[in-house]
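Visitor: sequence first, predicted coordinates after that:
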Amino acid sequence: MDLGALFGSYDNFLSFTIGGLVFGAIYALVALGYTMVYGVLQLINFAHSEVFMFGTFAVAWVFVALHGTSSAQWSLGRSIPILLVALVAAMCLSAVVALLLERIAYRPLIKKNAPKLIALISAIGASFALSEGMGLRDKFAQWFGLDHKLANYVSPGKARDVYSNPVSILPHHLFSIGGYSVTDVDLTIIVAAVLMMVVLDQLVLRTRFGRGIRAVAQDPESAALMGVNSTRVVQLTFLLGGLMAGAAATLYMVKIGTTKQDAGFTLGVKAFTAAVMGGIGNLRGALLGGLLLGVMESWGAAVFGDQWRDVTAFVLLVLILLVRPSGILGEALGKARA
Amino acid sequence: MIRSMKSLRVAAAVAGVAALSLTAACGSSSSNGSSSGASAFCGKNLAFIGALTGDAGALGQNMVNGINLALKGYNAKNTSCKIGLKTFDSQGDPTKAPALATQIINDSTIFGLVGPGFSGESLATGKTFFQAGLPSISPSATNVTITKSGWTTWHRVIGNDDAQGNADAKYLTGTAGCKKVFAVDDGQDYSVGLDKTVQSALGSALAGTDKISVGQTDMSAVVTKTKAAGADCFFYGGYYTEAGLLKKALTQGGFKGTFMSGDGAEDPNFVKVAGAQAANGAVLSAPAGPAPSGFGATGLYATQAYDATNIFLAAVKAGVGTEQKLNDYINSYTGTGASGPIAFDSKGDIKQSKIYAYFVKNGVLDVNNPTAIS
């Protein structure tokens, strides 16, 4: 244990904290998908991590398509045109995957009033299928004889290996907070995540769609009696979760630049944890939980060593749940203010 | 009928294993080669165990290509005594390898093993192969503890992690002129072994250590610690994905010192993950040099697998016909393979191991012009 590493110097303390916040912001965006679906359906959509993973691939694919495979290093400003296309593509692909999940893996079960446990197993199955399917994308292309034409996208024979964005985005120093160099990339990630959370929060609180979501979350039967189309509301929930996961995937690729068919797994677990920590079913809780988890991991890594980051984060989760069993902000989506 | 056949086969296999372990327990003083004439191994098979699919599948494929190249050359010349190959895909997973090892020792058509591919699976299966008396030569497993286990049938044609770690530490403090090195590994068998050797060889030049986990993407804490320790060099024991992410994060975090890693990171993907510019200047060591020009199989470890196979084939040519004599033959083998001079010490390690440093220049890992650093 080395408390000095974290608290010994103000500069290091800020470095660890801001480094954690950046990842926390990405956790928070992915956590939204878990928390919204849980709020409406009381279902943990374990395949949501794969929705995110598809988004990361969409970003890399867009860069390969519009830039080519030659390795390059661009500033954030120079990559913005392609990055915007990538953002749209990632949000679309993630949303499509999320909607397909809803249509294929959940709706038939919900219609037949299957127990929640069955839907959970279906979610885990869908998660494996999507992840392994991405790892076999070269084989799918081969069926159509396209594996060589699409070699840059499906990496024949190496589909399970890491897949990188050929353009690596170089962060640019903006200003310093007590010795920590804040870069445009870090700032963009945190600001974009918070902004999207605010927009989504307002969407749920103020629009008709949002009212529908809250109504179904509160009492599906009464909502149906009042004329709310609950199937549509569930679809909308998955759609919004998918869009946010696509945005998170874009931010993740800006920071990391590399993905893999199992890239969603660990991040998915973390995002789910963030959702529980903040209070599952609560949008603001997801943001708080995500940022808190990111910072706690980073502090844990600082004090105990990097291999302890998960231990620290999860011990903290248990402690929080012992004191507040429903999470820090602990209210359901349906009972949200306003 | 079926049942009795099965039990008969099991009994035969058990008897075979017992007999083999008896012979393996006996000394190893008998002469090699013995009589000329056709070997009893004619028409039988070598086995390969390693990752053919999964994350490290490409490496196993390289090895199989090397083995097949050697077999093809041999079988074309020795049509009356052909040797085949049976491959067993462990996916590099130490939990999957033991079941396959049992299959291999119970297969009476297998007389020798090229492999196992990785250190973890070698440790998990070494005892099984040793007790069955099956001679093995690994082209790529470099963990130090394997040859310290007393498995006299186990050999490797590649320098171990001690050799590499010592060479790496010497390079860092010597050629690179490092005063303070920050050393990190990912906690896996291979990585910890290499990293520990480097750390102890660095001595007072070690500025700090940390451990990350496989699949970790957020490297910001390591960067902060490295800079806080005032390190001018960085060593990482592990594989290319995390190595690439570390190099990228370090470069972006303003770390300007030498980045060095071992053979686990010596892969073109390292450059892709780190990004071409960020990867520049990285030094990646490996106990394997480039293949000689005109060599018919490409990829890391292909030459080692080719050499390992050729030792078995030389034994068959010399008329060796029992597994114990085969083991003796390997123990006293001396020759020059595609990867360099080959001879084994009493533990099964290669006597003369060469360690090479590969460099990332102009955004490319230069695999053809490494520098020998030991």
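Guide: Sure, I can see it.
Visitor: going forward, measure contacts and count neighbours with C-alpha atoms only.
Guide: Fine.
Visitor: okay, the residue in the stretch 1-150 of chain B that chain A sits nearest to: pLDDT?
Guide: Minimum separation of the stretch 1-150 of chain B from chain A (C-alpha to the nearest C-alpha) falls at B:Asp55, amounting to 5.9 Å. pLDDT for B:Asp55: 72.
Visitor: was I right to think it contacts A:Gly157?
Guide: No: applying C-alpha atoms under 8 Å, one finds B:Asp55 not in contact with A:Gly157, separated by 10.6 Å.
Visitor: and B:Leu69, what does it touch?
Guide: B:296-297, B:306 (C-alpha atoms under 8 Å, 6 or more residues apart in numbering or on different chains).
Visitor: list just the nearest of those residues to chain A.
Guide: B:Ala297 (16.8 Å).
Visitor: which strands and helices sit next to the host helix or strand of B:Thr336?
Guide: B:Thr336 is part of strand B:334-337, with elements assigned from DSSP states H and E. Applying 3 or more C-alpha pairs under 8 Å, 6 or more residues apart in numbering or on different chains; DSSP states H and E, we find strand B:334-337 packed against strand B:340-343.
Visitor: neighbouring contacts of the strand it packs on?
Guide: Here strand B:340-343 has contacts from B:157, B:331-336, B:350-352, using C-alpha under 8 Å, 6+ apart.
Visitor: if we use 7 Å, what do you get?
Guide: B:157, B:333-336, B:350-351 (C-alpha atoms under 7 Å, 6 or more residues apart in numbering or on different chains).
Visitor: poorly predicted segments of chain B, please.
Guide: Residue ranges of chain B with pLDDT under 70: B:1-37.
Visitor: try it again at 80.
Guide: Counting by pLDDT under 80, chain B contains low-confidence ranges at B:1-37, B:54-56, B:374.
Visitor: okay, domains of it per the record?
Guide: B:2-20+B:30-159+B:290-343, B:161-286+B:355-372 (automatic domain parsing).
Visitor: still on that earlier bit, pull up the pairing partners for the strand holding B:Thr336, direction included.
Guide: strand B:340-343 (antiparallel) (DSSP bridges).
Visitor: re earlier: am I right that the residue of the stretch 1-150 of chain B closest to chain A is in a helix?
Guide: No: B:Asp55: not assigned to a helix; according to DSSP: H, G, I helix; E, B strand; the rest coil it is coil.
Visitor: now do the phi/psi pair for it.
Guide: phi -60, psi -40 (degrees, to the nearest 10).
Visitor: the strand holding B:Thr336: which residues count as buried?
Guide: B:Gly337 (16 or more other C-alpha atoms under 10 Å in any protein chain shown).
Visitor: contacts for that strand?
Guide: B:307, B:341-343.
Visitor: CA atoms of it as PDB?
Guide: C-alpha atoms of strand B:334-337 as PDB (Å, rounded to 0.1, in the frame of the first residue of the first chain):
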ATOM      1  CA  THR B 334      24.300 -31.100 -31.500                       C
ATOM      2  CA  GLY B 335      23.700 -29.400 -34.800                       C
ATOM      3  CA  THR B 336      22.900 -26.100 -36.500                       C
ATOM      4  CA  GLY B 337      19.300 -25.300 -37.300                       C
END
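Visitor: in contact with the residue nearest the centre of chain A, which residues?
Guide: Residue closest to the mean C-alpha point of chain A, counted by C-alpha atoms, centre = their mean, is A:Val30 at 2.1 Å. A:Val30 sits next to A:244-245, A:248, A:271 when contact means C-alpha under 7 Å, 6+ apart.
Visitor: after the lowest-mean-pLDDT helix or strand in chain A comes which helix or strand?
Guide: Lowest mean confidence among the helices and strands of chain A (mean pLDDT, DSSP states H and E): helix A:3-7, at a mean of 71. The helix or strand immediately downstream of helix A:3-7 is helix A:10-41, counting by DSSP H and E.
Visitor: where does chain B get nearest to chain A, which residue?
Guide: Proximity to chain A, evaluated over chain B using C-alpha to the nearest C-alpha, is greatest for B:Ile212 at 4.9 Å.
Visitor: dump the residue contacts of that residue.
Guide: A:306-307, B:185-186.
Visitor: ok so, going back, who wins on neighbours among the contacts of strand B:334-337?
Guide: Ranked by the number of neighbours (other C-alpha atoms under 10 Å in any protein chain shown), these place B:Asp307 first, at 27 neighbours.
Visitor: tell me the spacing between that one and B:Gly335.
Guide: With distances taken as C-alpha to C-alpha, to the nearest Å, B:Asp307 is found 10 Å from B:Gly335.
Visitor: and for A:Thr231?
Guide: 73 Å.
Visitor: equivalent analysis for B:Cys233, please.
Guide: Remark: distance between B:Cys233 and B:Gly335 (C-alpha to C-alpha) = 38 Å.
Visitor: could I get the full set of strands for the chain?
Guide: Since no chain was named, I'll use chain A. A:72-75, A:163-164, A:167-170, A:173-177, A:180-183, A:258-259 (DSSP state E).
Visitor: try chain B instead
Guide: Using DSSP E, the strands found in chain B span residues B:45-50, B:84-89, B:110-114, B:136-138, B:154-156, B:181-185, B:206-211, B:233-237, B:258-261, B:283-286, B:334-337, B:340-343, B:356-361, B:364-372.
Visitor: among these, which comes closest to B:Phe130?
Guide: With C-alpha to C-alpha as the criterion, B:Phe130 lies closest to strand B:154-156 of these, at 7.3 Å.
Visitor: just give me the neighbour total for A:Phe175.
Guide: Using other C-alpha under 10 Å, A:Phe175 has 12 neighbouring residues.
Visitor: what pLDDT does the model give it?
Guide: Model confidence at A:Phe175 (pLDDT) stands at 83.
Visitor: not counting sequence-adjacent ones, nearest residue to whatever residue of the stretch 101-250 of chain A ends up closest to chain B?
Guide: Across the stretch 101-250 of chain A, the shortest distance to chain B (C-alpha to the nearest C-alpha) belongs to A:Ser168, at 5.4 Å. Distances taken as C-alpha to C-alpha, 6 or more residues apart in numbering or on different chains place A:Gln73 nearest to A:Ser168, at 4.9 Å, with adjacent residues excluded.
Visitor: can you get me a residue count around the one you found?
Guide: Count around A:Gln73 with other C-alpha under 10 Å applied: 16.
Visitor: contact partners for it?
Guide: A:167-170, B:277.
Visitor: residues in contact with the closest residue to B:Thr142 other than its chain neighbours?
Guide: Among residues not flanking B:Thr142 along the chain, B:Asn160 sits closest, at 4.3 Å (C-alpha to C-alpha, 6+ apart). With contact set as C-alpha under 7 Å, 6+ apart, B:Asn160 has these partners: B:142-144.
Visitor: so where's the stretch 51-200 of chain A uncertain?
Guide: The stretch 51-200 of chain A contains residues with pLDDT under 80 at A:157, A:176-181.
Visitor: near chain B, which residues of it?
Guide: Within reach of chain B by C-alpha under 7 Å from any C-alpha of the partner chain, the stretch 51-200 of chain A has these residues: A:71-73, A:160-161, A:164, A:168, A:171.
Visitor: quick check on A:Gly257: phi, psi?
Guide: phi 80, psi 0.
Visitor: quick check: closest non-adjacent residue to it.
Guide: Nearest residue to A:Gly257, sequence neighbours excluded (C-alpha to C-alpha, 6+ apart): A:Asn165, at 5.4 Å.
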